[in-house]
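J.: this is the structure alone, sequence omitted:
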């Protein structure tokens, strides 16, 4: 990596971790909030709901404005607004004020994914490796609830939001002083497309094969995050050891993002994505068959986490390869609106399957079914990509595809 690429990766990795930290802080301090604000269980768990909805809904307009004004100005707004909303949460005098602050937190962090990923895709030559490192930072951000609980025990729950506000402001300073140079400028590319009358709309089939699998994978991701810790803990016995191993499962999933992102730079990313989805099907079924609560189940979960979480940088790389620079951020916004917006469907579904069957094992059977559909769709995407690569280029008649295909 050159100096600019290191700067981009530093800023976006911190921004990615911060995004998930801020979204998940509240999950680690429910007990403290319940005691201080005299809330019921339903009331306290409902506090972040609107913010979580905005985290998904805000991604698409965030992508639009990033394409219009560029990633760096939007990241500046992201860090500043995240800091201010965390300060508001830390100062909240009552439950209503805290809930309103969480709405602003959700709106602020919704800016990150389409903006940060666009900066990587515009600023890197080897995008896959960068996407992998970026994914590891996001996995670290999933510890937000645990961090909040730790800080709450050290002092009180408000300290967690003060710390995040300080991290956001420090990140803003880093963003403004570090050298960042993008390889392509989405604003200039938009003007070129307009002047050459190049179509900016993708074939419907390509859009479906690109975004529907990612939406379905978002459902599977949410299902795993909900069901896996409880499923693997079983009926107790060596609970501390099992909890530690469950954490290692998720850390291994984060590490696989780096490895798969790096490998994707050297191979056909859509074929790699299809193969990994196909591999996740038997692993999910083995995990369901294991019944949970055993070390064999933890081993199966480890293999599934490596395969499943490793697909995330490949998804982001596919969007970068199949979208023009002028629509890159909006494309990422669409992805995260779909995954964050549709993914929570898994929450009541997992609960329903648990109630009906008496076990969480059927969650992983459901996972396997969804993964099979995704694998089939991605295999069709591979055919479309291969067909585009084989088609002759006609300079006088620009292709109506969403972008060029880089078969690296």
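T.: Alright, I've got the coordinates. As the structure is a prediction and not an experimental result, all values here were calculated from the model.

J.: shaky segments in the stretch 301-408 of the chain?
T.: 388-408 (pLDDT under 70).

J.: ranges for the strands of it?
T.: In the stretch 301-408 of the chain, no strands are found when defined by DSSP state E, counting those that start in this stretch.

J.: burial of residue 81, as a residue count?
T.: 18 (other Cβ atoms under 10 Å). Bear in mind the C-beta positions are built from the backbone N, C-alpha and C, glycine included.

J.: give me the element the nearest residue to residue 13 once chain neighbours are set aside is part of.
T.: Among residues not flanking residue 13 along the chain, residue 137 sits closest, at 3.7 Å (Cβ to Cβ, 6 or more residues apart in numbering). According to DSSP states H and E, residue 137 maps onto helix 127-141.

J.: what is the helix or strand just after that helix packed up against?
T.: Elements were assigned by DSSP H and E; along the chain past helix 127-141, the next helix or strand is helix 144-154. Applying 3 or more Cβ pairs under 8 Å, 6 or more residues apart in numbering; DSSP states H and E, we find helix 144-154 packed against helix 3-24, helix 158-177.

J.: and residue 32, which of those helices is closest to it?
T.: Of all the helices and strands packed on helix 144-154, it is helix 158-177 that lies closest to residue 32, at 9.3 Å by Cβ to Cβ.

J.: give me the below-cutoff pLDDT ranges for the stretch 151-300 of the chain.
T.: Filtered on pLDDT under 70, the stretch 151-300 of the chain yields the residue ranges 183-204, 235-244.

J.: let's see that with 80 instead.
T.: Scanning the stretch 151-300 of the chain for pLDDT under 80 picks out the ranges 153, 181-207, 225-226, 229-230, 233-248, 250-251, 253-254, 261-262, 264-268, 293.

J.: just the helices in it please.
T.: For the stretch 151-300 of the chain, the helices defined by DSSP state H, counting those that start in this stretch cover 158-177, 186-196, 204-233, 239-264, 269-290, 295-309.

J.: and these: which comes nearest residue 68?
T.: Among the helices of the stretch 151-300 of the chain, the nearest to residue 68 by Cβ to Cβ is helix 186-196 (7.2 Å).

J.: next, count neighbours for residue 365.
T.: 15.

J.: now do the residue nearest to it when sequence neighbours are not counted against residue 226, distance only.
T.: Nearest non-adjacent residue to residue 365, counting by Cβ to Cβ, 6+ apart: residue 288, 5.0 Å away. For residue 288, the distance to residue 226 equals 15 Å [Cβ to Cβ, to the nearest Å].

J.: neighbour count winner among the two?
T.: residue 288 (22 against 19).

J.: residues in contact with the more buried one?
T.: Neighbouring residues of residue 288 by Cβ atoms under 8 Å, 6 or more residues apart in numbering: 361, 362, 363, 364, 365, 368.

J.: okay, and which of those map to helices?
T.: Mapping the contacts of residue 288 onto helices (DSSP state H) picks out 361, 362, 363, 364, 365, 368.

J.: just among those residues, which is most surrounded?
T.: residue 364 (30 neighbours).

J.: quick check, pLDDT for the residue nearest to residue 181 when sequence neighbours are not counted.
T.: Excluding the flanking residues, the one nearest residue 181 by Cβ to Cβ, 6+ apart is residue 4, at 4.3 Å. Residue 4 carries a pLDDT score of 83 in this model.

J.: tell me the domain boundaries of this structure?
T.: 3-183, 204-390 (automatic domain parsing).

J.: so how far is the first one off the chain centroid?
T.: Right, the one you point to is domain 3-183. 12 Å (Cα atoms, centre = their mean, to the nearest Å).

J.: residue 24: what's it in contact with?
T.: Residue 24 neighbours (Cβ under 8 Å, 6+ apart): 141, 142, 143, 144, 145, 148.

J.: oh, I was asking about residue 50
T.: 99, 102, 103, 106.

J.: can we see that at 6 Å?
T.: By Cβ atoms under 6 Å, 6 or more residues apart in numbering, residue 50 lies in contact with residue 103.

J.: next: residue 345.
T.: Contacts of residue 345 (Cβ under 6 Å, 6+ apart): residue 219.

J.: distance check, it against residue 6.
T.: On the measure of Cβ to Cβ, residue 345 and residue 6 end up 39 Å apart.

J.: same check on residue 378?
T.: When distance is defined by Cβ to Cβ, residue 378 is 32 Å away from residue 6.

J.: between the two, who's got more neighbours?
T.: residue 378 (28 against 12).

J.: before we move on, the earlier item: is it true that the residue nearest to residue 13 touches residue 14?
T.: No. Counting by Cβ atoms under 6 Å, residue 14 is not a contact partner of residue 137; they are 7.2 Å apart.

J.: quick one: buried residues of stretch 153-166?
T.: Within stretch 153-166, the residues that qualify as buried are 157, 158, 159, 160, 161, 162, 163, 164, 165, counting by 16 or more other Cβ atoms under 10 Å.

J.: with respect to residue 23, which of those is nearest?
T.: Of all the buried residues of stretch 153-166, residue 164 has the smallest distance to residue 23: 10.4 Å, by Cβ to Cβ.

J.: pretty sure the closest one is touching residue 85, no?
T.: No. With contact defined as Cβ under 6 Å, residue 164 does not reach residue 85; the gap is 9.4 Å.

J.: skipping adjacent residues, who's closest to residue 41 in space?
T.: Using Cβ to Cβ, 6+ apart, the closest residue to residue 41 is residue 34 (7.2 Å).

J.: what's the burial count for residue 94?
T.: Neighbourhood size, residue 94 [other Cβ under 10 Å]: 10.

J.: ok, residue 283 next?
T.: 22.

J.: also residue 231?
T.: The number of residues packed around residue 231, counting by other Cβ under 10 Å, is 25.

J.: what of residue 125?
T.: 12.

J.: circling back: does the residue nearest to residue 41 touch residue 45 like I think?
T.: No. With contacts defined as Cβ under 6 Å, residue 34 does not count as touching residue 45, sitting 9.3 Å away.

J.: what sits against residue 311?
T.: 273, 276 are the contacts of residue 311 under Cβ under 6 Å, 6+ apart.
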